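Trainee: How does the following fold in three dimensions:
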Amino acid sequence: MEKASLEINLPDTHEEGKLYVVDSLNNLNKLNVCPDESQHALADEEENSDGIGENTAGSNIRNQHLLFITFILTLVISLVLVSFVIFLIIQTRSKLDQISSRLISDKKNIEELKKMHTMILQHLNRSGIKE
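Mentor: This is a model prediction of the structure:
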């Protein structure tokens, strides 16, 4: 179906006219096949065929800079996370020290209470009062 639309019956013209018509049909076909953006990209590539090496080198340098910046950001984030973990470890250690000191004092209090309990029981047993 596309070939039928592309075939046009041309009246007898000179050779230059035929070439102009063929070029026009080719351009029209390119416009129908390729969208505008890709057509501009193709035209730019054809015009800048000498600068391909420079574009590739610039892209390489840009990629290296991006990689370097990503690496630095990763290092900084890692340093912040490690610092936070160290801070949490120190905080946890201080809390554990507080808790252990409380437990030791509570243990001493419990031992004193046990001694007092046994002394009270002995006193009650001596006095003859039983539960």
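Trainee: so where is this structure shaky, pLDDT-wise?
Mentor: 1-19, 32-55, 129-131 (pLDDT under 70).
Trainee: let's see it at 50
Mentor: Where the chain drops to pLDDT under 50, the residues are 1-2, 49-51, 131.
Trainee: top helix in it by residue count?
Mentor: helix 52-127 (DSSP state H).
Trainee: show me the contacts for Phe71.
Mentor: If you count contacts by Cβ atoms under 8 Å, 6 or more residues apart in numbering, Phe71 has none. Every residue, glycine included, has its C-beta placed from N, CA and C.
Trainee: got it, and Ser127?
Mentor: So Ser127 contacts nothing (Cβ under 8 Å, 6+ apart).
Trainee: how much space is there between it and Ile99?
Mentor: Going from Ser127 to Ile99 by Cβ to Cβ, to the nearest Å gives 41 Å.
Trainee: try Arg62
Mentor: According to Cβ to Cβ, Arg62 and Ile99 sit 55 Å apart.
Trainee: Ile89 now?
Mentor: Look at Ile89 and Ile99: by Cβ to Cβ, they are 16 Å apart.
Trainee: likewise Thr56?
Mentor: Thr56 is 63 Å from Ile99, where distance means Cβ to Cβ.
Trainee: same question, Tyr20
Mentor: Here the criterion is Cβ to Cβ. By it, Tyr20 lies 94 Å from Ile99.
Trainee: One more: Val21?
Mentor: Applying Cβ to Cβ to Val21 and Ile99 gives a distance of 94 Å.
Trainee: just Phe68 next, same as before
Mentor: Per Cβ to Cβ, Phe68 is found 47 Å from Ile99.
Trainee: Check Phe87 too.
Mentor: The gap separating Phe87 from Ile99 is 19 Å, by Cβ to Cβ.
Trainee: swap in His123?
Mentor: 36 Å.
Trainee: residues in contact with Phe68?
Mentor: Contacts of Phe68 by Cβ under 8 Å, 6+ apart: none found.
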